[in-house]
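Asks: sequence and predicted structure below; questions after.
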Amino acid sequence: MNPIRLVPLLILIATLPLSAAAKKPNILLICIDDLRPELNCFGVDYIKSPNIDKLASQGRAFYKHYVQAPTCGASRFALLTGTYGSSSNAALFQRAEKLAENPKAFQPSMPAWFRQNGYRTVSVGKVSHHPGGRGGPDWNDEAIPEMPDSWDRHLLDAGLWQHPRGWMHGQAQGEIRGDATQMDLIQAFKGPDTIYPDGINTENAITQLDLLAGKESDKPFFLAFGILRPHLPFGAPKKYLDLYEDAELPIVPHPKKPNGRTTWHKSGEFYKYNRNNLDPNTNAEYSLIVRKHYAACVSYADAQVGRILDRLDELKLRDNTIVVLWGDHGWHLGEHSIWGKHALFEESLRSPLIISYPGIQNPGKLSHSMVETIDIFPTLTELAGLPKPKYSDGVSIIPILNSPTAPGHHAYGYFSKGYGKTIRTETHRMIAHEDGYIELYDHRTLQGETRNVAEEQPKLVKDLLAKIATRFE
């Protein structure tokens, strides 16, 4: 070919999107259950989370990432569809039922979208609502898929815990939750990581990663890896609890039950477990013990993150892989006298989000720009050079990945049981109950989400109600 004619062709190739000019990037999505943004990389120095911190140093951590719902099912629905969905905890199974009735009525899920665009999609652990992604009494019925047409493989090796339902609430050495009142809330037995549920799950994820990098390397992969802890009950190998033996934990902010009507609840899931009649709301020593066991579970989860990322490096895949670490919602550790999620307070709706990929600008720079879980789907498609899902309610946050101070946007959420919907702005949170009752909190004040100022700011209430109505129309 004439060299003069070759120059324009080379320029064209150089300007092609990643999907056309080179192999499409792999996606590694790490989902962690009930993880607060209480990590070293988010400014909390007593938590031992070296692997997540290292990932944050290589990418962008979002300090103000908000989920759409303070419960597993609905939050994961938002992640995996890129839409707000409904306030039902069984949203993905309901979607599957409706999809079977009318396949043309539903747009592809995020993994289905990548699958349709040439990716091999694999899920290991708790990624959708049920670990392994199936229904039935023990969550292992092949005839009841939670996300039809989404995964090439949707896996959960329950090991000693017999089945996904047993794995989900398991303690050491195969103990399965039956009557929660007979199961310890906190536990720390000596042994390797595999004596608790996440250990065997991580081994399975590594096996899948090896397969995707080896025999199945003909396609780029979308691997979703769901880590269970720090979900209840708080059980992890003792070596992780030992990390906190002499740790000084900060005082719990706003520990009292709020006055008046709020989004507060009784922490029913937490109080089901055996606590030997101890209550962390009235026993400061026991409160500290519970918080240290939660911290141990965080470090245990962090170790699983390290294992999968180390294997990614050993396989020399990091240079062509986008890594996303996402917490499905927050968790109260005594704030507002709540020990759990299921509220529309900040502690339930704010969770970690970290995105890392080769060539990211200003790696390690924490962003305080506000983003939502539903933004992950359109962001990943743009990074991968795939067509944009026009039906997604989220927006690409690549501008913030390029510049951590780029503007974000308001965050919206919802929950059932009459709580209604919420909006978080840079300065306020408003919660609009289904019966019209309003909670409005000013985050510029020390009182934060403890003093309802709705009656003092009627114009702001009206403006925010209009925004909620527009967003959920």
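Replies: Arrived safely, thanks for sending.

Asks: make it CA atoms for all contacts and neighbour counts henceforth
Replies: OK.

Asks: show me where pLDDT drops low in the protein?
Replies: 1-22, 86-90, 417 (pLDDT under 70).

Asks: what packs against the biggest helix by length in it?
Replies: Ranked by residue count under DSSP state H, the longest helix found in the chain is helix 284-314. Where contact means 3 or more C-alpha pairs under 8 Å, 6 or more residues apart in numbering; DSSP states H and E, helix 284-314 is packed against helix 50-57, strand 186-187, helix 197-213, strand 234-235, helix 238-242.

Asks: among the ones you listed, single out whichever gets nearest to Glu449.
Replies: Proximity to Glu449 (C-alpha to C-alpha) singles out strand 234-235 among these, at 27.0 Å.

Asks: distance between that closest one and the chain's centre?
Replies: Strand 234-235 sits 19 Å away from the centroid of its parent chain (C-alpha atoms, centre = their mean, to the nearest Å).

Asks: paired strands for that strand, with orientation please.
Replies: Strand 234-235 sits in its sheet next to strand 186-187 (parallel), going by DSSP bridges.

Asks: check contacts around Asn259.
Replies: By C-alpha atoms under 8 Å, 6 or more residues apart in numbering, the contact set of Asn259 is empty.

Asks: let's verify it: helix, strand, or coil?
Replies: Following DSSP: H, G, I helix; E, B strand; the rest coil, the label given to Asn259 is coil.

Asks: correct me if wrong: His428 contacts His443.
Replies: Yes - with contact defined as C-alpha atoms under 8 Å, His428 reaches His443; the gap is 5.4 Å.

Asks: what lies in contact with stretch 389-399?
Replies: With contact meaning C-alpha under 8 Å, 6+ apart, stretch 389-399 is reached by 81-84, 107, 371-379, 381-383, 406, 408.

Asks: at 7 Å what do you get?
Replies: 82-84, 374-375, 378-379, 406 (C-alpha atoms under 7 Å, 6 or more residues apart in numbering).

Asks: most neighbours out of those, which is it?
Replies: When neighbours are taken as other C-alpha atoms under 10 Å, the top entry among the contacts of stretch 389-399 is Ile374 (27 neighbours).

Asks: give me phi/psi at that one?
Replies: Main-chain dihedrals, Ile374, degrees, to the nearest 10: phi -60, psi -10.

Asks: quick one: contacts for it?
Replies: Counting by C-alpha under 7 Å, 6+ apart, Ile374 touches 78-79, 82-83, 393-394.

Asks: from these, pick the one nearest His342.
Replies: For the contacts of Ile374, the nearest to His342 is Ala78 (15.9 Å; C-alpha to C-alpha).

Asks: could you report the neighbour count for the closest one?
Replies: For Ala78, the neighbour count with other C-alpha under 10 Å is 30.

Asks: name the SS class of it, please.
Replies: State at Ala78, reduced to three classes by three-state DSSP: helix.

Asks: what's the distance between it and Tyr419?
Replies: According to C-alpha to C-alpha, to the nearest Å, Ala78 and Tyr419 sit 18 Å apart.

Asks: then Asn362?
Replies: Counting by C-alpha to C-alpha, the gap from Asn362 to Tyr419 is 39 Å.

Asks: compare those two (neighbour count), which wins?
Replies: Using other C-alpha under 10 Å as the criterion, Asn362 and Tyr419 rank with Tyr419 on top: 23 against 15.

Asks: next one: phi and psi at the nearest residue to the more buried one once chain neighbours are set aside?
Replies: Using C-alpha to C-alpha, 6 or more residues apart in numbering and skipping residues adjacent in sequence, the residue nearest Tyr419 is His433, 4.7 Å away. Per-residue torsions, His433: phi -70, psi 160 (degrees, to the nearest 10).

Asks: thought His433 was touching Ser416?
Replies: No - contact criterion C-alpha atoms under 7 Å: His433 and Ser416 do not qualify, at 9.7 Å.

Asks: the strands in the stretch 101-250 of the chain, which residues?
Replies: Assigned by DSSP state E, counting those that start in this stretch, the strands in the stretch 101-250 of the chain fall at 120-125, 134-135, 141-145, 153-155, 186-187, 221-227, 234-235.

Asks: out of the ones you listed, flag the one nearest Lys388.
Replies: strand 221-227 (16.5 Å).

Asks: run the angle between the closest one and helix 284-314 for me.
Replies: 160 degrees (axes from the mean of the first three to the mean of the last three C-alpha atoms, to 10 degrees).

Asks: alpha carbons only: can I get strand 221-227 in PDB?
Replies: What follows is strand 221-227, C-alpha atoms only, in PDB (Å, rounded to 0.1, in the frame of the first residue of the first chain):
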ATOM      1  CA  PHE A 221     -15.600 -11.500  30.500                       C
ATOM      2  CA  PHE A 222     -18.100  -9.900  32.800                       C
ATOM      3  CA  LEU A 223     -17.400 -11.600  36.200                       C
ATOM      4  CA  ALA A 224     -19.500 -10.600  39.100                       C
ATOM      5  CA  PHE A 225     -18.300 -11.800  42.500                       C
ATOM      6  CA  GLY A 226     -20.600 -11.400  45.500                       C
ATOM      7  CA  ILE A 227     -19.100 -11.400  49.000                       C
END
